[in-house]
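Chemist: this is the structure alone, sequence omitted:
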Ligand code: NAD
């Protein structure tokens, strides 16, 4: 094994130890954890069997029964401590994210910052889980609505935001009075172990948090399926591909459990004639090439007005030709590695399909950074004559399909003309066009931005998308309601029994 491999492995293991993960959890196990940065085997992790899931859920259920009785602001104190511990360990966890999934250092740190931000949000929320008092139609009656903890919340997460997704769900679920059982991506177990260790530090400081309040299940798909099928889990929040979401959604529907599905995107931006093209250029570069195209909100389609196409697209191609691709840990490269060889193959297949239906490809070739051990690519820009073939699918790699349009109706139809509905954006300064885009007949996505790209959401807003993106919402706004059960209460404080709708039933 070359020295660079040994050093990444040593660094990963030292970070795990610093973060409080026991060596038994990563020293030996069936699953090798490979860094996409240079192919190093960072650790070997024992994986759970599906048959062991039931016992873990029993413990989580017991924890929920106790936790739901703790006043919500006190529950918020645990999440405050979690945010505190994340602040203290931000550098180490952020670095581990970079080692495990290949994110640039600022993006690894940004992911942990997002965890801190949602903890802050949830602490405030712990005093604002408001119900309603609704005017009753009956005299001496009160009609109210209140929110109760719902139970054990299952979280299934994807490799590309290996820890932030857990926190979006867990921080809210914990203040809502739920227990959390987490099945992370099998490609990113180390950051999950570290996050669990950080949670345990917060729980120890809190003092009397019930055991099993946050449980980690490291396992393959079967472990996820066992979590999805367990009747003691009333809510499952699943983040990943649409294929996964379809399987999980169907299983949950069979037992009438609640699904929060956060699935694939095929996000488009429209560049109108009034756009600030310098700003658009920078936004497209980050949105389409940042994180090597491996964000659910990555910009995958660019719909450019014919009047600015010949100004913007050649400039964009020059940026694509010159963007730095390389090892994010040892250079300032803006584009790091793909997660694995399968992602590289999927990208090449999509580019071939695009060419076969008339696309003109710039970039997309493999870049030799560490020989065969890792998969770096030059991002691809593909000019398309029409929205066909791979353009209507999500390929989880840095491919930007560029299309030309004549009027805004056509641009909106193109943008909405795909099965996914996560994020979208428009560039322009013509207020009529912008407002039309944000209106009921405009973008059909869960996120619609103006004069920025499709990625990089803040935690204060509800996050999620429509159509095959799954319809779930996480994070800010009133997304917390998905982690609680609603109860309507009609209270008669009078001496008679008037019936609703004036019904008479005198006995
Ligand atoms: P993936 O679907 O391969 O895996 C995601 C998770 O689901 C993993 O933990 C996996 O073990 C689990 N899983 C897979 N099949 C399952 C099943 N039948 N039952 C239970 N669990 C199952 O996704 P990935 O490759 O890790 O991530 C990339 C995908 O995730 C992209 O499509 C991306 O758009 C999407 N994503 C969406 C969001 C969002 O918020 N909308 C955020 C991040 C990633």
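Modeler: Done, it's in. Everything quoted here is computed from the prediction, not taken from an experiment.

Chemist: near the ligand, which residues of the stretch 351-500 of the chain are found?
Modeler: 394, 396, 422, 469 (CB under 6 Å from any ligand atom). The C-beta positions use only the backbone N, C-alpha and C, and glycine is treated the same way.

Chemist: farthest pair within these?
Modeler: 396 and 469 (13.7 Å; CB to CB).

Chemist: who touches both of these two?
Modeler: residue 264 (CB atoms under 8 Å, 6 or more residues apart in numbering).

Chemist: quick one: contacts for residue 84?
Modeler: residue 202.

Chemist: so the spatially most central residue of the chain is in which element?
Modeler: What sits nearest the mean C-alpha location of the chain, by CA atoms, centre = their mean, is residue 165, with 4.9 Å. Using DSSP states H and E, the element containing residue 165 is helix 164-175.

Chemist: that helix packs against which elements?
Modeler: Secondary-structure packing of helix 164-175 (3 or more CB pairs under 8 Å, 6 or more residues apart in numbering; DSSP states H and E): helix 72-88, helix 105-125, strand 152-156, strand 179-183, helix 189-206, strand 474-475.

Chemist: deepest of these, which one?
Modeler: Highest mean neighbour count among the helices and strands packed on helix 164-175 (mean count of other CB atoms under 10 Å): strand 152-156, with a mean of 29.

Chemist: pull the residues that contact it.
Modeler: Residues outside strand 152-156 that contact it (CB under 8 Å, 6+ apart) are 57, 60-61, 64, 165-166, 169-170, 173, 178-183, 224, 227-228, 230, 232-240, 244, 248, 483.

Chemist: hmm, 6 Å instead?
Modeler: For strand 152-156, contacts defined as CB atoms under 6 Å, 6 or more residues apart in numbering pick out 60-61, 64, 166, 169, 173, 178-183, 224, 227, 232-233, 235-238, 483.

Chemist: filter these down to the buried ones and hand me the ChimeraX line.
Modeler: In ChimeraX, this line selects whichever of those come out buried by 16 or more other CB atoms under 10 Å:
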select :60,61,64,166,169,173,178,179,180,181,182,183,224,227,233,235,236,237,238,483
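
Chemist: ranges for the helices of the stretch 201-350 of the chain?
Modeler: With DSSP state H, counting those that start in this stretch, the ranges of helices along the stretch 201-350 of the chain come out as 221-229, 242-254, 277-289, 306-322, 341-356.

Chemist: one more: the stretch 401-507 of the chain?
Modeler: Under DSSP H, counting those that start in this stretch, the stretch 401-507 of the chain gives helices at 408-416, 431-438.

Chemist: looking at those, which is buried most?
Modeler: Buried most deeply of these, by mean count of other CB under 10 Å, is helix 408-416, with a mean of 19.

Chemist: quick one: that helix to chain centroid distance?
Modeler: 26 Å (CA atoms, centre = their mean, to the nearest Å).

Chemist: can you pull the contacts of the residue nearest to the centre of the chain?
Modeler: Applying CB under 6 Å, 6+ apart, we find residue 165 in contact with 157, 239.
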